[in-house]
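# Quick one: sequence plus predicted model below, questions after.
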Amino acid sequence: MVSRGTSVINRHAAAAVRRRPALLAALTAAALGAGLLSAAPALASEPASAGPAVTRAGLDPALVSGRGARVGFAEQEAEHAATNGTVLGPDRTPYQLPSEASGRSAVKLTPGQYVEFTLPKDANALTVRYSIPDAPEGGGITAPLDVSLGGKKRATMTLTSRYAWLYNQYPFSNDPRADLLHTDWWTTECDCVPAATTPAPSFDKPFRPSHFYDEQRLRLDGTYRAGEKVRLTVPRGSAAAWTAIDLLDSEKIAAPKVSLLSANVLAFGADPTGRRDSAAAIERAIAFAKRAHLKVYLPPGTYQVNRHLVVDDVTIEGAGSWYTVLKGKEVALDEPAADGSTHTGVGVYGKSAADGGSKDVHLSGFAIEGDVRERIDTDQVNAIGGAMSDSTISGLYLHHTKVGLWFDGPMRNTQVTDTVIADQIADGLNFHTGVRDSLVQDVFVRNSGDDGLAMWADKTQNSGNTFDHNTVQSPVLANAIAVYGGEDTTVSDNLVADPVREGSGLHAGSRFGAEPFTGRLDFRDNTTVRAGTLDLNWKIGLGAIWFYALDRDIDADVRVTGDHYLDSTYNAIMLVSDYGVKDKVKLEGLKFKDVRVDGTGTSVLSARVAGSASFENVDARNVGAVGVNNCGSFNFPATGSEFTVHDLGGNDGGGTTGPWLAPWELPNTITCDDRPPVVAPPAPRPW
């Protein structure tokens, strides 16, 4: 999520300074050597032929059937393709190329090397997810990638790293040579506050490199049949010392949509070549369409737009996100705007809530390509923004903006569907402040720089919102899906994978000044894959799903039903408070039912908070440590932990230490070991 004040990392850092009791240190000293799952790079063999290995979130699609966004493309991991390059990973260590790759593995090519995929279905369009090095002083480079089909070169893509490669502490820097941004923050690399440490610690540069990957789309010159070979080759003489290929998406896109009875922006002077700014022409088309009760049509082309298009009571349709593109530069403002922005850029915005917001806005069938390369939280440089009630957003592709969709309510009854959000500097989507009765469905998010999908009830309650059948892959920071406060919230049938740091797969937190959780909070039928990161300040592993009581209790009707937690790096489920408020907050009455846990590096449940939870038909296998890590509030009374586990029956399976929910652990036995050795589980398999 985009911070409006104290950042996620700074909040953790301040808390880390407060908490280091001797008792906790003694209890966990034996487990301080916990490691992360990793493997040394290996030179791939060069098979004569590789079949079309299609995956979803790096897994056999059968393992995640019915969950996640229903998309039109097939995803293929480079590490499963034919190559004469080097396979990187798998590795979940932050600040390393494999950790941010889908499936935690990629293929590294040097000039002259290739990776070759086999099309699983007919396709006329490709998306390549890749990484190339930064410039030595930051700012990125460009480098070619040849694309061949049927044994013939069909195109040369120009890859760029100008939208990748961030460094340092939040809110990050584009300069690989920069010193620490916050010497007064707790810094895990030295286990100290640098400004308060003598002698002052030194840090390797670049410090904390991240956000390595980008993606690029390519329309082919025709439709190629299933079984055709797609070879990606780094040409000799490339300016990039190496090119990492993470995956290939392939699909057959429909012909451009034509809308005859509409206000065509070309008639109002818009330039489809992108050479001239088309913002004013599009605004003229919008004004005419409202008077004439017509839709606005954006024909195929690239339209230069370098500021916000403010919309209300209008329908804007493109020819399809592969054909119609709104593309803009980030523009520095002469003076900061009233909202604190120092830049503007391409975006479609509803009116601000303070001005009454917008209604009946319907956007579909186009892409928004931004030019955002740094994180400035006060900047309104999002693809979609403002307040939009009774509105629909569908079939968009949102790329290289700060946030894909950031809604500032109050607003209600908005639906975001069938949309792809990629390579954002911050969140993918955020329902912020007073968003009610709204839906996000069949949205695919990859490589967000913060929470992939978030609801944040900041100062005004959110209510009745649903995230359903979405996919979030490889959020570089924070969580795949996060809920901060709210009433009657549903998170259902989502697929999330590969969070990297300072967050995990699914999250609910009473934090960031959010309104309380009230009514029902439902997590239902979601799947997490390779979730559960190492919190770099707490130095403990987070759960694939985690609940965090910080500002206040979480005592709503919280139900987790039908979730699957696959190949969790640490715990499957984590319930936690901060040490500074451990005796003031609790997580009470959470209900877990019909849950499957297939592989944990440590426990099924880690409870580091006061309160209680019940478990019914929670089946687990390949559990790496004691099933329940119960620290409670770290007061360790003789009566047992301050956290109570209720066994409602049917809780089967376990791992290296026996049944995950053994009778001796109930109801509140202290089993506090926050840093046990991590046991890498086997790959998930059908239940």
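The structure has been received and is ready for your questions. Residues are numbered from 1 along each chain as shown.

# Where does the prediction get shaky in the protein?
Residue ranges of the chain with pLDDT under 70: 1-51.

# so where's the longest strand in it?
Counting residues, the longest strand found in the chain (DSSP state E) is strand 214-224.

# Give the buried residues for that one.
Asp214, Glu215, Gln216, Arg217, Leu218, Leu220, Tyr224 (16 or more other Cβ atoms under 10 Å). No exception for glycine: its C-beta is placed from N, CA and C like everyone else's.

# Over to stretch 394-409?
Buried residues in stretch 394-409 (16+ other Cβ under 10 Å): 394-409.

# same thing with stretch 300-320?
300-312, 314-320.

# and the buried residues of stretch 394-409, which of them are in strands?
Using DSSP E, the buried residues of stretch 394-409 in strands are Ser394, Tyr397, Leu398, His399, Leu405, Trp406, Phe407, Asp408.

# Please, where are all the helices along the stretch 151-300 of the chain?
279-292 (DSSP state H, counting those that start in this stretch).

# same question, the chain
8-18, 22-28, 279-292 (DSSP state H).

# How many neighbouring residues does Val496 have?
32 (other Cβ atoms under 10 Å).

# I'd like the buried residues of strand 214-224 written out as CSV, with distance to Val529 added.
Converted to CSV, the buried residues of strand 214-224 look like this (distance: Cβ to Cβ, whole Å):
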residue, distance to Val529
Asp214, 22
Glu215, 19
Gln216, 25
Arg217, 25
Leu218, 27
Leu220, 30
Tyr224, 30
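
# Asp175 - how many residues pack around it?
15.

# what residues are up against it?
Glu137, Gly138, Tyr167, Asn168 (Cβ atoms under 8 Å, 6 or more residues apart in numbering).

# In contact with the second one, which residues are there?
So the one you mean is Gly138. Going by Cβ under 8 Å, 6+ apart, the list of residues near Gly138 reads Trp165, Tyr167, Ser173, Asn174, Asp175, Pro176, Arg177.

# give me that answer again for 7 Å
Asn174, Asp175, Pro176 (Cβ atoms under 7 Å, 6 or more residues apart in numbering).

# ok, now the last one?
Applying Cβ under 7 Å, 6+ apart, we find Asn168 in contact with Ala178, Leu180, Leu181, Phe207, Arg208.

# Can you select the buried ones from those residues in ChimeraX?
Those of these that count as buried under 16+ other Cβ under 10 Å are selected in ChimeraX with:
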select :178,180,207,208
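
# Pretty sure Thr460 sits against Met411.
No. Taking contacts as Cβ atoms under 7 Å, Thr460 lies outside contact range of Met411: 10.5 Å.

# Now do the shared contacts for these two.
Gly434.

# where's the closest residue to Pro176 other than its chain neighbours relative to Met455, distance?
What sits nearest to Pro176 in space, not counting adjacent residues and going by Cβ to Cβ, 6 or more residues apart in numbering, is Pro206, at 3.6 Å. Plainly put, Pro206 is 34 Å away from Met455 if you go by Cβ to Cβ, to the nearest Å.

# what's the closest non-adjacent residue to Phe512?
Phe512 sits nearest to Tyr484 (Cβ to Cβ, 6+ apart), 5.5 Å away.

# ok, the closest residue to Pro171 other than its chain neighbours to Glu369 distance?
Computed as Cβ to Cβ, 6+ apart, the closest residue to Pro171 that is not its neighbour in sequence is Arg375, at 4.4 Å. To Glu369, Arg375 is 18 Å away according to Cβ to Cβ.

# Looking at those two, which is more packed in?
Using other Cβ under 10 Å as the criterion, Arg375 and Glu369 rank with Arg375 on top: 22 against 19.

# Surely the more buried one touches Asp427?
No. Arg375 is beyond contact range of Asp427, at 10.8 Å (criterion: Cβ under 7 Å).

# ok, Pro206 and Met455, which is more surrounded?
Met455 (29 against 19).

# so how far is Gly449 from the closest residue to the more buried one other than its chain neighbours?
Counting by Cβ to Cβ, 6+ apart, Met455 lies nearest to Phe431, which is 4.4 Å off, once chain neighbours are set aside. Computed with Cβ to Cβ, the distance linking Phe431 and Gly449 is 18 Å.

# how near is the one residue sitting closest to the centre of the chain to Ile545?
For the chain, Pro475 is the residue whose C-alpha lies nearest the centre (Cα atoms, centre = their mean; 2.9 Å). Between Pro475 and Ile545 the computed distance is 15 Å (Cβ to Cβ).

# what's the answer for Glu642, then?
In terms of Cβ to Cβ, Glu642 sits 21 Å off from Ile545.

# okay, these two: which has more neighbours?
Ile545 (30 against 23).

# residues near the nearest residue to Thr518 once chain neighbours are set aside, how many?
Spatial nearest neighbour of Thr518, excluding adjacent residues (Cβ to Cβ, 6+ apart): Glu487 at 4.5 Å. For Glu487, the count of nearby residues is 19 (other Cβ under 10 Å).

# cool, the one 3 residues further on as well?
Number of residues near Thr490 (other Cβ under 10 Å) recorded here: 17.

# wait, what's in contact with it?
Contacts of Thr490 by Cβ under 7 Å, 6+ apart are Thr466, Asp522, Arg524.

# can you do 10 Å?
Residues in contact with Thr490 (Cβ atoms under 10 Å, 6 or more residues apart in numbering) are Leu439, Gly464, Asn465, Thr466, Phe467, Asp468, Val483, Arg520, Leu521, Asp522, Phe523, Arg524.

# Could you identify the buried members of these?
When the contacts of Thr490 are checked against 16+ other Cβ under 10 Å, the ones flagged as buried are Leu439, Gly464, Asn465, Thr466, Phe467, Asp468, Val483, Leu521, Asp522, Phe523, Arg524.

# okay if I get those residues as CSV plus distance to Pro637?
Shown next, in CSV, are these (distance: Cβ to Cβ, whole Å):
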residue, distance to Pro637
Leu439, 45
Gly464, 40
Asn465, 39
Thr466, 41
Phe467, 39
Asp468, 42
Val483, 32
Leu521, 29
Asp522, 33
Phe523, 31
Arg524, 35
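
# Nearest residue to Ala319 in space, please, no chain neighbours.
Pro256 (3.8 Å).

# can I assume Asn526 is in contact with Ala497?
No. Using Cβ atoms under 10 Å, Asn526 is not in contact with Ala497; the gap is 11.4 Å.

# which neighbours do these two share?
Gly68, Ala480, Gly505.

# Now do the contacts for the second one.
Read it as Ala480. 428, 445, 448, 451-454, 470-474, 494-499, 503-507, 526, 528-529, 531, 544.

# make it 8 Å
445, 451-453, 472-473, 494, 496-497, 499, 503-506, 528, 531.

# what's the answer for the first one, then?
The neighbourhood of Gly68, defined by Cβ under 8 Å, 6+ apart, consists of Arg56, Ala57, His469, Asn470, Thr471, Asp493, Asn494, Leu495, Thr527.

# which residues sit in contact with the closest residue to Arg552 other than its chain neighbours?
Spatially, and ignoring its direct neighbours in sequence, Arg552 is nearest to Ser510 (4.9 Å; Cβ to Cβ, 6+ apart). Residues near Ser510 by Cβ under 8 Å, 6+ apart: Tyr484, Gly485, Pro516, Phe517, Tyr548, Ala549, Leu550, Asp551, Arg552, Asp553, Ile554, Val585.

# what number of residues lie near the closest residue to Gly58 other than its chain neighbours?
Nearest residue to Gly58, sequence neighbours excluded (Cβ to Cβ, 6+ apart): Gly103, at 2.8 Å. By other Cβ under 10 Å, 25 other residues sit near Gly103.

# Could you do the one 4 residues further on as well?
The local packing of Val107 (other Cβ under 10 Å) involves 29 other residues.

# Does it touch Val87 like I think?
Yes. With contact defined as Cβ atoms under 8 Å, Val107 reaches Val87; the gap is 5.7 Å.

# wait, what's in contact with the residue nearest to Gly370 when sequence neighbours are not counted?
Excluding its sequence neighbours, the residue lying closest to Gly370 (Cβ to Cβ, 6+ apart) is Thr401, at 3.6 Å. Taking Cβ under 8 Å, 6+ apart, we find Thr401 in contact with Gly345, Val346, Gly347, Ile368, Gly370, Val372, Val381, Asn382, Ala383, Gln424, Ile425.
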